[in-house]
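K.L.:
what's the 3D shape of this:
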Amino acid sequence: MNTEKPVQPFYRLSVEETLAQTNSTPDGISGADATARLSQYGENALPQKPGKPAWLRFLAHFKDVLIYVLLAAALLTAVMGHWVDTLVILGVAVINALIGHIQESNAEKSLQSIRNMLSSEAVVVRHGNHETVPTTALVPGDIVVIRAGDRIPADLRLLEAHNLRVEEAILTGESTVVEKSTERLEGELPLGDRTNLLFSGTTVSAGGGKGIVVATGGDTELGHINQMMADIEQHRTPLLVQMDKLGKAIFIIILVMMAALFVFSLLFRDMPVSELMLSLISLAVASVPEGLPAIISIILSLGVQTMARQKAIIRKLPTVETLGAMTVICSDKTGTLTMNEMTVKAVIMAEKIYRVEGDSYEPVGNIHPIDNPTPVAVTHGSLLERYLRTIDLCNDSQLMKDEQGLWKITGGPTEGALKVLAAKVPLPPLQTELRSKIPFDSQYKYMSTLHRIGDEEMILITGAPDVLFRLCQHQQTESGLQPLNQPYWEAQIEEYAREGLRMVAAAWKPAGVDQTTLDHPDLQQGVILLGIAGMMDPPRPEAITAIGECLQAGIRVKMITGDHPQTAMSIGKMLGIGNAGNAITGRELEVMDDQQLSEAAQSYDIFARTSPEDKFRLVQALQSKKEVVGMTGDGVNDAPALKQADVGIAMGIKGTEVTKEAADMVLTDDNFATIASAVREGRRVYDNLKKTILFIMPTNLAQGLLIIIALLAGNLIPLTPVLILWMNMATSATLSFGLAFEAGERNIMKRPPRNPNLHVMDGFAIWRVVFVGSMIAVSAFVLEAWLQPRGYSPEFIRTVLLQTLVTAQWFYMLNCRVSDGFSLSKGLLANRGIWIVSGVLLVLQLLIIYAPFMQMLFGTESLPFRYWVITFIIGFAMFLIVEIEKPLTRRWRVDATG
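P.N.:
Now for the predicted structure:
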């Protein structure tokens, strides 16, 4: 058996050479040979890696430096016998891990969706006999019988093709059904041009034939995509990377401070070790923003809900904030930027050219001369009537409404476009009868029918213009016949090809009264050219608007398609894509090294005739230039690039399950404009996340400073670990929830994307945290110093300090509503969420201060009303000071945000 790979690709081998290379025959291989080959090549199934069990994925969420701090604190409190503190601290750690585990995306689903694209059974020829076998049993050298409606079970080299047409859009991105043949091909060709190959996972739309298996399992084109998906490492979003850095910085600060205070207290304060350790544990717990992961998840979840109402389903939670940093959108053309519905836009005739309105399969739209917007009236016997009747009758497609009332076509998109054009104009009623037909064949590139139309016998023909030029001797005009002016037609074809139109010609010929059959020789004489239709897959009108919005927001849009360069550039110009006047092809990209590819990825906005590998490499090239990349698509060919992209965006209606599972976001309306709405929401969410972080961190600093001051002064521990956890988990989380509902700024879509390398804790943010945290700590320390000489119990003093910090937090939340300007400028009632959370907070504070079981658990005491007044005055004073600070630091804030 010849097991070596061919020197040339199979599409460049003849049928005989392919049989020899695979050591097979037209009668197939024997059963024994098939068994031996199955042992050699393995099953025809996509390889898969075993996934991690759920408990391991859960434990992975404890791998965080701040969680380590909490676990160490829990261990120390357990050793010291403080079991309430231990249980509360462990509970916080487990809750954070659970939140992360629940929201972890399951990337394996995308691989499973690819595997589900394989058919379950196939008809093969083995030793001259037809057998039905499981597709997993197919081996190289097997002869597979292909029928209309089949899903191709492996990569095949065609041996026979009978009017065979295959839908390959899911793999190549091209919307046109591909006509297949057995002819040997030459040169380096992209997938879409390898017309003698059938690819695993694609679907036969018409015709039949036989093919020899040349690749199975992971060696197929679908297998290569599967491997690309499996090899892609999940990257973290900019915010999560920054939060990791922040956590490590906090961890280092905690260790240094604890070590320094431990030595200081032992040498200069002679504190009991147990009391010292409890103080240090309190410091560690105070310094860790325990509630921050949960709060971030809550705010992102609210953003997810808002986007879902706007028809964007977020599958991976951190995607919400990544949208706000996106700098480039790489979009597939077919079905994403375009309608994926071939539509006739121009009709060229010998003496007149017509424009056709309408952009979908809905049969609505006027036909008017190119120099006159007035719609034409189609009269009986006119040239236009004859042309429209020809393309309507010489047509195998059907136009109909589906259950949702949407217009659909059955058959190929090219024939469907002609059927829709004919339906746009009411034709005079005539009785018609089909007598004979020559089906479309890729060898002849035309279709012909013999019809009785009224009392006339007519031969009707549609097909490729160059083929019909060879058949026609004359052209039809309103006044009669003229000799065929081929240079005129070729000039028009060239002109409209620059608009990205694909051309289909129509012709007719009178037939004999007694003619009842039709064959190719009947078309060799007397054929008359009627006209040529120029059609395209039109751009979505809403996509044009959305691209404009993206450009205004500093987001560059790039089209990456499997289509031809001229078509791609024409569509790009209609859409308003930046550098649409130049295109580069996949073949040019393949020979580039990484540096050249990075430069091309930045320079070009139109990428044509691309393969899945090209799309994947382009995303990587852009990411190497520090771009935050979004990738849209609907076919299997887009899935690896979607998974690699920072934001993978799938189409919900026309997208495959593979694409949806690989994506971070799914558009339920297949509307590119929804992306602009999602970007707007992503920017709003990030703004609110930053406000929340700036809100939480000063409280943690204030708590830590209070404990440090107490240790240095040898005073009472101002806050116990459970009180600190109450503030960090209950109070901070509750108030942060109110900030999540803040509306976006007015200029949110007129500013450039944020730089993901700028840390959320920039210079100004650090200043704000230190300024507010110090102010809260000093206020609480002064209040504590005033209370201690008056004989109050430690529990009472801690309760007053707790209420002071909580009240200061509430007022500072109002400060954080507006980053630049007076906080009440939005109006107190503009965000009802802050009043809802304020009510919840009040109830929680009443419980912890006055409920006996809460007093026992947290070590608090009841407060007289005057202490509520005192803490309110302190909080309000801080609110005013921060409002005064805002205009004084405005220039610094603008410089910090870039």
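K.L.:
Tell me where the model's unsure across the stretch 351-500 of the chain.
P.N.:
Applying pLDDT under 70 to the stretch 351-500 of the chain flags the ranges 442.
K.L.:
Over to A507: give its phi and psi.
P.N.:
phi -150, psi 170 (degrees, to the nearest 10).
K.L.:
Could you give the bridge partners of the nearest residue to it once chain neighbours are set aside?
P.N.:
Sequence neighbours aside, I461 is the residue nearest to A507 in space, at 4.5 Å (criterion: Cβ to Cβ, 6 or more residues apart in numbering). Yep, even glycine has a C-beta here, placed from its N, CA and C like the rest. Beta bridges link I461 to S448, A507, judged by DSSP bridges.
K.L.:
and I461, how many residues sit next to it?
P.N.:
By the criterion of other Cβ atoms under 10 Å, I461 has 25 neighbours.
K.L.:
again with L185
P.N.:
Applying other Cβ under 10 Å, we find 16 other residues in the vicinity of L185.
K.L.:
what does stretch 134-142 rub up against?
P.N.:
22-24, 28-29, 33-34, 37-38, 40-41, 43-45, 118-122, 124-126, 144, 153-154, 212-216 (Cβ atoms under 8 Å, 6 or more residues apart in numbering).
K.L.:
For it, measure first residue to last.
P.N.:
12 Å (Cα to Cα, to the nearest Å).
K.L.:
average pLDDT for it?
P.N.:
Across stretch 134-142, pLDDT averages out at 92.
K.L.:
just stretch 564-578 next, same as before
P.N.:
Averaged across stretch 564-578, pLDDT comes to 88.
K.L.:
Stretch 854-861 now?
P.N.:
Mean per-residue pLDDT for stretch 854-861: 91.
K.L.:
quick one: contacts of that stretch?
P.N.:
If you take Cβ under 8 Å, 6+ apart as the criterion, stretch 854-861 is touched by 84, 720, 722-723, 726, 793, 795-796, 798-799, 802, 847-849, 862.
K.L.:
For L689, state which of those is nearest.
P.N.:
W726 (23.2 Å; Cβ to Cβ).
K.L.:
What is the end-to-end distance of stretch 746-754?
P.N.:
End-to-end distance for stretch 746-754: 16 Å, by Cα to Cα.
K.L.:
what comes up buried for it?
P.N.:
Buried residues in stretch 746-754, defined by neighbour count with 16 or more other Cβ atoms under 10 Å: I748, M749, P753, R754.
K.L.:
and that stretch, what's its mean pLDDT?
P.N.:
Per-residue scores along stretch 746-754 average to 84.
K.L.:
Scan the chain for its longest helix.
P.N.:
helix 673-713 (DSSP state H).
K.L.:
Give me the next element, helix or strand, following that one.
P.N.:
Counting by DSSP states H and E, the next helix or strand C-terminal to helix 673-713 is helix 721-725.
K.L.:
For stretch 405-412, which outside residues touch it?
P.N.:
Residues outside stretch 405-412 that contact it (Cβ under 8 Å, 6+ apart): 165, 176-177, 205-206, 360-363, 395-402, 415-416, 419-420.
K.L.:
And the residues you listed, which of them are buried?
P.N.:
Among the contacts of stretch 405-412, those classed as buried by 16+ other Cβ under 10 Å are 165, 176-177, 205-206, 360-362, 395-397, 399, 415-416, 419-420.
K.L.:
re the thing from before, what separates the longest helix of the chain from the chain centre, distance-wise?
P.N.:
Distance, stretch centre to chain centre, for helix 673-713: 28 Å (Cα atoms, centre = their mean, to the nearest Å).
K.L.:
between the buried residues of stretch 746-754, which is nearest L185?
P.N.:
The closest of the buried residues of stretch 746-754, once distances to L185 are taken by Cβ to Cβ, is P753, at 44.0 Å.
K.L.:
Pull up the gap between that closest one and E599, please.
P.N.:
In this view, P753 and E599 are 21 Å apart by Cβ to Cβ, to the nearest Å.
K.L.:
Okay, domains of this structure per the record?
P.N.:
Domain assignment for the chain by automatic domain parsing gives 10-41+112-231, 236-311+678-897, 314-338+540-670, 343-536.
K.L.:
For ChimeraX, write the selection for the buried entries among the contacts of stretch 854-861.
P.N.:
In ChimeraX, this line selects whichever of those come out buried by 16+ other Cβ under 10 Å:
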select :720,722,723,726,796,798,799,802,848,849
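K.L.:
Out of the contacts of stretch 854-861, which comes closest to Q525?
P.N.:
Nearest to Q525, judged by Cβ to Cβ, of those is W726 at 95.7 Å.
K.L.:
so the closest one sits right up against I849, yeah?
P.N.:
No: using Cβ atoms under 8 Å, W726 makes no contact with I849, being 11.1 Å away.
K.L.:
show me where the stretch 701-850 of the chain has helices.
P.N.:
Using DSSP state H, counting those that start in this stretch, the helices of the stretch 701-850 of the chain run over 721-725, 732-739, 763-787, 794-816, 832-850.
K.L.:
nearest to T516, of those helices?
P.N.:
Ranking those by proximity to T516 (Cβ to Cβ) places helix 832-850 first, at 78.0 Å.
K.L.:
which other helices and strands contact that closest one?
P.N.:
Packed against helix 832-850 by the contact rule (3 or more Cβ pairs under 8 Å, 6 or more residues apart in numbering; DSSP states H and E) you find helix 732-739, helix 794-816, helix 852-858.
K.L.:
Outside of the first one itself, list whatever touches it.
P.N.:
Okay, so that is helix 732-739. Helix 732-739 is contacted from outside by 289, 291, 294-295, 298-299, 688, 691-692, 695-696, 699, 809-810, 813, 816-817, 831, 833-838, 840-841, 844, using Cβ under 8 Å, 6+ apart.
K.L.:
Go again with 7 Å.
P.N.:
291, 294-295, 298, 688, 691-692, 695-696, 699, 809-810, 813, 816, 831, 833-834, 837, 840-841, 844 (Cβ atoms under 7 Å, 6 or more residues apart in numbering).
K.L.:
Out of those, which end up buried?
P.N.:
For those, buried by 16+ other Cβ under 10 Å: 291, 294-295, 298, 688, 691-692, 695-696, 699, 809-810, 813, 816, 831, 834, 837, 841, 844.
K.L.:
circling back to that earlier point, in strands, which of the contacts of stretch 134-142 fall?
P.N.:
Counting by DSSP state E, the part of the contacts of stretch 134-142 found in strands is E121, A122, V124, V125, R126, V144, I212, V213, V214, A215.
K.L.:
For the residue positioned nearest the centre of the chain, name its beta-bridge partners.
P.N.:
Residue closest to the average C-alpha location in the chain (Cα atoms, centre = their mean): I649, at 1.2 Å. Bridge pairing for I649 (DSSP bridges) gives the partners T632, M665.
K.L.:
Please pull out the lowest mean pLDDT helix or strand from the chain.
P.N.:
When the helices and strands of the chain are scored by mean pLDDT, DSSP states H and E, helix 108-115 comes last with a mean of 44.
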